[in-house]
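*Asks:* need coordinates for the following:
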Amino acid sequence: MRDSHRADAERLWERTVEEEVRRSAGRVDRDALLARGRAALDTMAASAAEEYADYLRALEEAGDGPAAPDAAAGLGTPALVTAVAAAAAVGGDLALGTAAGTALGAG
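*Replies:* Purely as a prediction, here's the structure:
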């Protein structure tokens, strides 16, 4: 994952955690949620590394490679950030004891 994509995902996760801490009136452990989200992001990035490399290679072959670093961000970054936020919402809700169906709906 590109550093800029990682930074975008982490910023979104931090905002999500801050909102959850605010909504819970401080009953949620901010540091624990941040750590879980970062670990989940590492796991997702590692599992998608091969596909991401293929994607970057295809961009390069199409002429949109390193000369245009933000070209890859078109839909990929928003989709990745959305997936991370949804997974984080589900994980956070489940960690707080919310029913699985409700947690999935929130995610």
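
*Asks:* please make it C-alpha for all contacts and neighbour counts, starting now.
*Replies:* OK.

*Asks:* name the helices or strands packed onto the helix or strand hosting residue 17?
*Replies:* Residue 17 belongs to helix 3-23 when assigned by DSSP states H and E. The contact analysis (3 or more CA pairs under 8 Å, 6 or more residues apart in numbering; DSSP states H and E) places helix 3-23 against helix 30-47, helix 73-95.

*Asks:* residue 55 is nearest to which of these?
*Replies:* Evaluated over the helices and strands packed on helix 3-23, closeness to residue 55 peaks at helix 73-95, with 9.6 Å, by CA to CA.

*Asks:* for residue 16, which non-adjacent residue is spatially closest?
*Replies:* Closest residue to residue 16 apart from its sequence neighbours, by CA to CA, 6 or more residues apart in numbering: residue 85 at 7.4 Å.

*Asks:* how near is the one you found to residue 53?
*Replies:* Noted for residue 85: a distance of 22 Å to residue 53, by CA to CA, to the nearest Å.
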